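K.L.:
Structure for this input, please:
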Amino acid sequence: MDYHLVSVIVCALGLTAGVTALSYGDPVTKSPFEKKFSQEFRDGYSILKHYGGNGPYSERRSFGISRDPPESCAVDQVIMIRRHGERYPSPALGGGIEKTLAKLQSSGVEEFKDDLAFFNDWSYYVPNKCYYNAETFSGPYAGLLDAYTHGTEYRDRYGHLLDEDSVVPFWSSGYRRVISSARKFGEGFFGYNYSTNAALNIISESESMGANSLTPSCDTDNDDTTCDNLTNPMPQFKVAAARLNSQNPGLSLNESDVYYLMSMASFELNVPAFSECINVFTQDEWVSFGYVEDMNYYYCDGPGDKNMAAVGSVYANASLTLLNEGPEKAAPLYLNFTHDTNITPILAALGVLVPDEDLPLGRVPFGNPYSTGDIVPRGGRFTIERLSCNATALSKAGSFVRLVLNEAVFPFRKCTSGPGYSCTLEDYTSIVSKNLLDYKSTCKIPSSYPQSLDFWWSYNTTTELNYRTTPVACQESDAMQ
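P.N.:
Predicted coordinates for the structure are as follows:
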């Protein structure tokens, strides 16, 4: 035998073994100066947080509080309200986008250059007008996929509350995309038995439903001045328009065109999951766009309109009743589906995420807590958890309440003495009760309309509405059966 060859093989095997050992983290090779925790926090900017509520879902930036219940506690009741998933633009917004696209096409520019060069071989992602308002169903950010995935995740988190021997009701407002989201969530949450053990209740969005609605309205005109006069006055939009016009002589884009192009880009993520138009605009311009959306929500459907706290009081008050009845008298699960503008009034009624001062017009107030990318993204959800807790060194045994917005736990006002920074049910009830406004008098609800939310106590257990059995009409918006 060639002993030289044997020694070479042995050396090779030894080297290989050594490399393998090193790759598994041999302590001898680790530097005592290696940092165990990164000191870099460079994720302050994300497009997902600066398009308002237009594009794909993203979790809320948290306070670092664990999403799981504290070790001493178990969730014994859940009241969730969820926005529908990702969708195509509305017909109104789509009309504005189409006008801006037509402006580009009729500008006389033969070949777009620089930031707009992609338009030379780009097609609008909305196939035809029938897609406006509809939930998206393809791509990684598809609205129907989002809803289904959310259902599976909540089944894993709250499945212990599900009585699989009973038919469990859940609720949707009567709009096509909302109902579609509710059904997909139901399939994910109830799994194999969705067709037999779940009962979708569709609540009409008609104004005549009064307070017995997931979409209560307030038609009084005494607090809509700012909302009605909101425009897109951010100076960054004017700068962006000037830049694009200078790159492409012959264009005459203005601030409104920039707004529609940015809106188009943010909605595009809901379909093919990427938009070349996003890179047309700078980070500063996207920050400004996000703030324009913040102002729209704040002044039109949030705490900037004093009537909205009264509207949100309907849901807040009914949920307070459920929490105090507890799972012993009420049910443990209340799953609800509606629109973004029906969630923001609830938060206003609870007095959370309300700025110390009204949002300024024309400039971005950094540190603003009313960031809609964190509040109502597509598929956004607000969950109230009732916790049953044992006594700890910090708190006595009892029932506590936690608020969870887009899967981030956030403390309720200054009531944080419970496990996991929760609030005792007693204190939560006292604080909320003292601050709720009267919906009926504030919004002048006719006496012939329902005066309170009743559908959580009076519901059907039929499974007939769990699935759609007829074709979807173009731009259908009414309740489906």
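
K.L.:
I'd like the distance between residue 451 and residue 180.
P.N.:
Applying CB to CB, to the nearest Å, the value for residue 451 to residue 180 is 31 Å. All C-beta spots, glycine's among them, are computed from the backbone N, C-alpha and C.

K.L.:
These two: which is more packed in?
P.N.:
Taking other CB atoms under 10 Å, residue 451 and residue 180 do not tie; residue 180 has more neighbours (24 against 15).

K.L.:
Assign the residue lying closest to residue 49 once chain neighbours are set aside to helix, strand or coil.
P.N.:
In space, residue 49 comes closest to residue 373 once its chain neighbours are excluded; the distance is 3.8 Å by CB to CB, 6 or more residues apart in numbering. When classified by DSSP: H, G, I helix; E, B strand; the rest coil, residue 373 comes out as helix.

K.L.:
I figured residue 373 was touching residue 47, is that so?
P.N.:
No: contact criterion CB atoms under 8 Å: residue 373 and residue 47 do not qualify, at 9.3 Å.

K.L.:
Okay, strands next: where are they in the stretch 51-200 of the chain?
P.N.:
73-83, 168-173, 198-203 (DSSP state E, counting those that start in this stretch).

K.L.:
Among these, which comes closest to residue 416?
P.N.:
Nearest to residue 416 among the strands of the stretch 51-200 of the chain is strand 73-83; the distance by CB to CB comes to 14.4 Å.

K.L.:
Adjacent strands (with direction) for that closest one?
P.N.:
strand 333-338 (parallel), strand 381-389 (antiparallel) (DSSP bridges).

K.L.:
Show me what counts as buried in stretch 197-208.
P.N.:
Buried residues in stretch 197-208, counted by 16 or more other CB atoms under 10 Å: 197, 198, 199, 200, 201, 202, 203, 204, 205.

K.L.:
got the contact list for the first one?
P.N.:
Think residue 197. 164, 166, 167, 168, 190 (CB atoms under 8 Å, 6 or more residues apart in numbering).

K.L.:
for those, which one is nearest residue 315?
P.N.:
Of the contacts of residue 197, the one sitting nearest to residue 315 (CB to CB) turns out to be residue 168, at 19.8 Å.

K.L.:
Tell me, how many residues neighbour the closest one?
P.N.:
Residue 168: 21 neighbours (other CB under 10 Å).

K.L.:
What's opposite it in the beta bridge?
P.N.:
residue 198.

K.L.:
Can you tell me how far it is from residue 99?
P.N.:
47 Å.

K.L.:
for residue 324, same thing?
P.N.:
From residue 324 to residue 99 the distance is 52 Å (CB to CB).

K.L.:
The two - which one has more neighbours?
P.N.:
Neighbour totals were compared for residue 324 and residue 99, and residue 324 leads with 15 against 12 (other CB under 10 Å).

K.L.:
Next up, the contacts around the more buried one.
P.N.:
425, 429.

K.L.:
Ok, residue 72 next?
P.N.:
389, 390, 391, 392, 419.
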